[in-house]
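sequence first, then the predicted structure:
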Amino acid sequence: MLQAQPILVLARNSKEMTMDKVSFIKIAGIDGVEVEHAIIDRGNGEFTSMLKSTYDEQQAEATKIVDA
């Protein structure tokens, strides 16, 4: 079963900081194992999808860069 939880996050988008809408969904495979994905709406008709763990790593790295 698909479950989406949209949130707004501040994320790096090319050269500038923009607001992106991110939805996290859980997808169960044939084996029943659920995997979380991040679906990112760039606000211009483009979407990006990646594992939530990858998204979390990118956000943590972006925070380090902004805080430096």
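That came through, no problem. In this text the structure is predicted, and so the values were computed from the model without any measurement. Residues are numbered from 1 along each chain as shown.

just give the number of residues close to residue 53.
If you count neighbours by other CB atoms under 10 Å, residue 53 ends up with 12. To be clear about C-beta, it is placed using only N, CA and C from the backbone, and glycine gets the same treatment.

oh, I was asking about residue 55
Counted by other CB under 10 Å, the residues lying close to residue 55 total 21.

quick one: contacts for it?
22, 38, 40 (CB atoms under 8 Å, 6 or more residues apart in numbering).

out of those residues, list just those in helices.
Nothing among these maps onto helices, per DSSP state H.

need the buried ones from the residues you listed selected in ChimeraX.
Burial among the contacts of residue 55 is assessed by 16 or more other CB atoms under 10 Å; the matching ChimeraX selection reads:
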select :22,38,40
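
which residue packs closest to residue 51, ignoring adjacent ones?
Excluding the flanking residues, the one nearest residue 51 by CB to CB, 6 or more residues apart in numbering is residue 37, at 6.1 Å.

can I get the contacts of residue 55 in CSV including pLDDT?
Output for the contacts of residue 55, formatted as CSV (pLDDT from 0 to 100):
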residue, pLDDT
22, 89
38, 90
40, 88
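
of the contacts of residue 55, which is the nearest to residue 30?
residue 38 (21.9 Å; CB to CB).

quick check: the closest one touching residue 51?
Yes - with contact defined as CB atoms under 8 Å, residue 38 counts as touching residue 51 (7.4 Å).
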